[in-house]
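Engineer: Using only what follows, build the 3D model:
(2 chains)
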Amino acid sequence: MKTKIAQKKKPASTKKKTVEKKKPVKKPAEPSESKIQKNLRTISLLRGMKDITPKDELYWRTAYHKAEEMANAYGFEFMETPALEEAVLFTRSLGKDTDVVDKEMYVFEDRDGTRVALRPEWTAGAVRAYINHGMQSLPQPVKVWNYGAIFRHDRPQAGRFRQFHQFGCETIGQRHPCLDAELILVAYNFLKDLGIHANVNINSIGNLEDRQNYTIELVGYLRSKRSYLCENCKKRINKNPLRVLDCKEESCAEVIQESPQIIEWLGEESKTYFMKVLECLDELGIPYILKSTLVRGLDYYCDTVFEFFEDGNEEKSQNALGGGGRYDMLVEQLGGQPTPAAGFALGLERVISILRAKEDNKNLLEKPWSKVFFAQLGDQANYKALKLIEEMRLQGVIVRHNLAKASLKGQMETADKLGATHTLILGQKEVHDGTIIIRDMDSGNQEIVDQNKLIAEIKKTIKTAKPRK
RNA sequence: GUGGUCAUGGUAUAAUGGUUAUUACUUCGGCUUGUGGAGCCGAAAAUACGGGUUCAAUUCCCGUUGGCCACCCCA
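Structural biologist: As a prediction, this is how the structure comes out:
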């Protein structure tokens, strides 16, 4: 505080100002010198980034667990591709004019001058790996799942981050309605298992030719209604007309209602294919909503496209839990043999935010340790405790403890705060006698047992223990 | 990328153009001898950053950064 006054007297010289102008714009202002000297300058989270703290750990672990379980149940194998890839991988697969590539992708030159990008989605990397590792000579289809961080430099908002997590599955190598349905099934069941009832929106956008023909028709139609459209959509007519269909403006909505439907422009093959996909879903009993305006933001999709929403929350923004579709042209586009494929991805942050809002979290995993606390008193007991805790661990009993704390009182408090049902107490006397005290935290009853019988005894109490609080 | 809104200890809050910036929770230590849930005492811990106005700024003004929200886009 006092040093500030001294600093203020310095007027900023004009020379300094010109130097400052050349600096990159986005640098946070440096704190005053006194703070740096006192080591007070804190490093904060980068914009749009989030820590996953122990507080939320259970949600994340549960989600991961379910993802793994579900993917494995349908024969998907885990595959993780790097977070960093050559930038062209994404520009070539997602499409240059898509927002994801155009405005949101983290692209930079690394130290070798290579144009690299942080993955803005999983699919392109999976396809790249499929080609690189010659997976076309594996039994087809190759089914892989992935889970991890995805990066998009968008403006952060509710349910939107720059680093977020996606769980996805890819089925590469074959084209069959059942495969599309299976992907939807995996995602649907993953959500269902977490207690989330999802709505499935589905559509078909046909093959490239169908889409081109349809687009010509659509552009013609939109031009005729141009004056009714919002400013944004007027621009979109030329740049990305399919996206007009997604516009939520009221005036646009009316125009969209009357617009030609893409389904009617599908070729025979695409049409029957789509029908079969729907039949599969009917067969599986998955409810779906045919949504003729669903197009998706990435260029590589063809035929089946779908999105997942939480039931009843479709109108909110940032509400899509995930989506996917077929991408039959992508493998070839990335230099592989012509190979059909399909996949989906779900945004974990959005899934978890629903989970967190839920009252009944019976689906949540539990902490890996028991509700038993180990307290020790005195130097000898301190060392002995270390050993006993380790022995218990080897027998599958994990106890909480704080060996750095000397006072028994303090340790009891900790045990209480951690919600321990039982506390083991080892003092000087017990070390000599080869015994240990088991204290019931609710009743306060204590039992002295032989250390040799401790593990058997504690296993028994854990089984019968009732949760506290 | 556009717009709105906000910024005080780890969390949640109070206050003021002028001494040591309030309170609660949390954390840590203690309230004599080896025992938690109550109480009491104590400690650590904050005005985002930069500039301006002023004798004086945490307070007023501007900028930056960041959070939140909406648009956009999507997961």
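Engineer: so who does whichever residue of chain A sits closest to RNA strand B touch?
Structural biologist: Residue of chain A nearest RNA strand B, by C-beta to the nearest atom of the strand: A:Gly297 (1.7 Å). No exception for glycine: its C-beta is placed from N, CA and C like everyone else's. A:Gly297 sits next to A:98-100, A:243 when contact means C-beta atoms under 8 Å, 6 or more residues apart in numbering.
Engineer: Let me know the closest of those residues to A:Arg400.
Structural biologist: A:Val100 (44.9 Å; C-beta to C-beta).
Engineer: Around the closest residue to the closest one other than its chain neighbours, count how many other residues there are.
Structural biologist: Sequence neighbours aside, A:Pro120 is the residue nearest to A:Val100 in space, at 5.1 Å (criterion: C-beta to C-beta, 6 or more residues apart in numbering). Here the count is done by other C-beta atoms under 10 Å, and A:Pro120 has 22 residues near it.
Engineer: now A:Pro120: how far from A:Val431?
Structural biologist: Separation of A:Pro120 from A:Val431 (C-beta to C-beta, to the nearest Å): 59 Å.
Engineer: how about the residue nearest to A:Val100, what does it touch?
Structural biologist: Residues near A:Pro120 by C-beta under 8 Å, 6+ apart: A:90, A:94, A:100-101, A:104-106, A:150-152.
Engineer: Out of the residues you listed, which are close to RNA strand B?
Structural biologist: A:100, A:104, A:152 (C-beta under 7 Å from any atom of the strand).
Engineer: quick one: which of these has the most company?
Structural biologist: A:Arg152 (20 neighbours).
Engineer: Please identify the buried residues of stretch A:104-118?
Structural biologist: Neighbour-count burial for stretch A:104-118, counted by 16 or more other C-beta atoms under 10 Å, picks out A:104-106, A:116-118.
Engineer: Let me see the contact set for the residue positioned nearest the centre of chain A.
Structural biologist: The centre of chain A sits closest to A:His165, judged by C-alpha atoms, centre = their mean, with a distance of 2.4 Å. For A:His165, the contact set (C-beta under 8 Å, 6+ apart) comprises A:147-150, A:347-349.
Engineer: Of the residues you listed, which is the nearest to A:Ala63?
Structural biologist: Checking the contacts of A:His165 against A:Ala63 by C-beta to C-beta gives A:Leu348 as the nearest, at 5.6 Å.
Engineer: phi, psi of the closest one?
Structural biologist: Dihedral angles of A:Leu348 (phi, psi; degrees, to the nearest 10) stand at phi -70, psi -40.
Engineer: go on, A:Gln376?
Structural biologist: The phi and psi values for A:Gln376, taken as degrees, to the nearest 10, are phi -130, psi 160.
Engineer: For it, list the residues it contacts.
Structural biologist: Shown in contact with A:Gln376 (C-beta under 8 Å, 6+ apart): A:382, A:384-385, A:401, A:403, A:411, A:425-427.
Engineer: and these, which are buried?
Structural biologist: Counted by 16+ other C-beta under 10 Å, the contacts of A:Gln376 give A:382, A:384-385, A:401, A:411, A:425-427 as buried.
Engineer: Export these to a markdown table and append columns for distance to RNA strand B and pLDDT.
Structural biologist: A markdown table is the format used below for the buried ones among the contacts of A:Gln376 (distance: C-beta to the nearest atom of the strand, whole Å; pLDDT from 0 to 100):
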| residue | distance to RNA strand B | pLDDT |
| --- | --- | --- |
| A:Asn382 | 13 | 92 |
| A:Lys384 | 12 | 93 |
| A:Ala385 | 12 | 94 |
| A:His401 | 13 | 94 |
| A:Gln411 | 8 | 94 |
| A:Ile425 | 4 | 96 |
| A:Leu426 | 7 | 95 |
| A:Gly427 | 3 | 93 |
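Engineer: got those as CSV, with secondary structure columns?
Structural biologist: Shown next, in CSV, are the buried ones among the contacts of A:Gln376 (DSSP: H, G, I helix; E, B strand; the rest coil):
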residue, secondary structure
A:Asn382, helix
A:Lys384, helix
A:Ala385, helix
A:His401, strand
A:Gln411, helix
A:Ile425, strand
A:Leu426, strand
A:Gly427, coil
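Engineer: Make a markdown table out of those and add distance to A:Asn189.
Structural biologist: Shown next, in a markdown table, are the buried ones among the contacts of A:Gln376 (distance: C-beta to C-beta, whole Å):
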| residue | distance to A:Asn189 |
| --- | --- |
| A:Asn382 | 50 |
| A:Lys384 | 49 |
| A:Ala385 | 45 |
| A:His401 | 40 |
| A:Gln411 | 45 |
| A:Ile425 | 47 |
| A:Leu426 | 48 |
| A:Gly427 | 53 |
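Engineer: now, among the residues you listed, which is nearest to A:Asp303?
Structural biologist: For the buried ones among the contacts of A:Gln376, the nearest to A:Asp303 is A:His401 (58.0 Å; C-beta to C-beta).
Engineer: Distance of the closest one relative to A:Arg393?
Structural biologist: Distance from A:His401 to A:Arg393, by C-beta to C-beta: 11 Å.
Engineer: which SS class is the residue nearest to A:Val100?
Structural biologist: Following three-state DSSP, A:Pro120 is assigned to coil.
Engineer: From A:Leu403, how far off is it?
Structural biologist: 46 Å.
Engineer: on that earlier part again, for PyMOL, write a command that selects the buried ones of the contacts of A:His165.
Structural biologist: Filtering the contacts of A:His165 down to the buried ones (16+ other C-beta under 10 Å) takes a single PyMOL command:
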select buried, chain A and resi 147+150+347+348+349
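Engineer: can you put the contacts of A:His165 in CSV and add pLDDT, distance to A:Ser370 and secondary structure?
Structural biologist: Below are the contacts of A:His165 laid out as CSV (pLDDT from 0 to 100; distance: C-beta to C-beta, whole Å; DSSP: H, G, I helix; E, B strand; the rest coil):
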residue, pLDDT, distance to A:Ser370, secondary structure
A:Tyr147, 97, 29, strand
A:Gly148, 96, 31, strand
A:Ala149, 96, 32, strand
A:Ile150, 96, 36, strand
A:Gly347, 96, 34, strand
A:Leu348, 96, 29, helix
A:Glu349, 95, 31, helix
